[in-house]
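1. Quick one, fold the following:
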Amino acid sequence: MTNVSKRKLQPTHLDKLYVELAKTIVNLDKRSADIFLDELLGEEEKIMIAKRLATIVMLIEKNSVYRISQLLLMSPSTVARLRDKLSIGDYTNIEQILKRRKKEYKDFWNTLEVILRAGMPPRGRGRWKSTREFFKKEITN
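-> Got it, this is the predicted structure:
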């Protein structure tokens, strides 16, 4: 969980910092962006941002809250909150960026799909055994 100082910046100053951060990130190539984010963000922050973006992409692709929460190991309430924000238009800029940059969107979705399919049970007899065992471990931990 991230810690934010109780001493707040003025909203205009914070907005300027956000703009500078966004401009910096946008102007990076792929390798530099990876290094930049590794140096700037903690592991939990990177996971949180990646899962939120993956959730938004999966919601755009009409996946259910249950499916997303199971596959990304997120609480259903978090996924539902993001779904509600998406439905009222809070993520329209992200949607437009993803749709405008179809190659990156397709690459992101393909990467996400590979990650998600890695946990799929094998076909045939006993195919759900490994899935049940996996969820039993997750519940007891």
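
2. pLDDT below threshold where in this protein?
-> In the prediction, the chain carries residues with pLDDT under 70 at positions 1-2, 117-141.

3. which of the residues in stretch 101-116 are buried?
-> Tyr105, Trp109, Leu112, Leu116 (16 or more other Cβ atoms under 10 Å). From N, CA and C alone the C-beta is placed, and that goes for glycine too.

4. okay, now the domains of this structure?
-> Per automatic domain parsing, the structural domains of the chain span 10-40, 42-119.

5. export those domains to a markdown table and tack on distance to Val4?
-> Formatted as a markdown table, the domains of the chain follow (distance: least, Cβ to Cβ, whole Å):
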| stretch | distance to Val4 |
| --- | --- |
| domain 10-40 | 11 |
| domain 42-119 | 12 |
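
6. related to what we said a few turns ago, so can I have a markdown table of the buried residues of stretch 101-116 showing secondary structure and distance to Pro76?
-> Below are those laid out as a markdown table (DSSP: H, G, I helix; E, B strand; the rest coil; distance: Cβ to Cβ, whole Å):
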| residue | secondary structure | distance to Pro76 |
| --- | --- | --- |
| Tyr105 | helix | 25 |
| Trp109 | helix | 22 |
| Leu112 | helix | 19 |
| Leu116 | helix | 17 |
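
7. No further questions, thank you.
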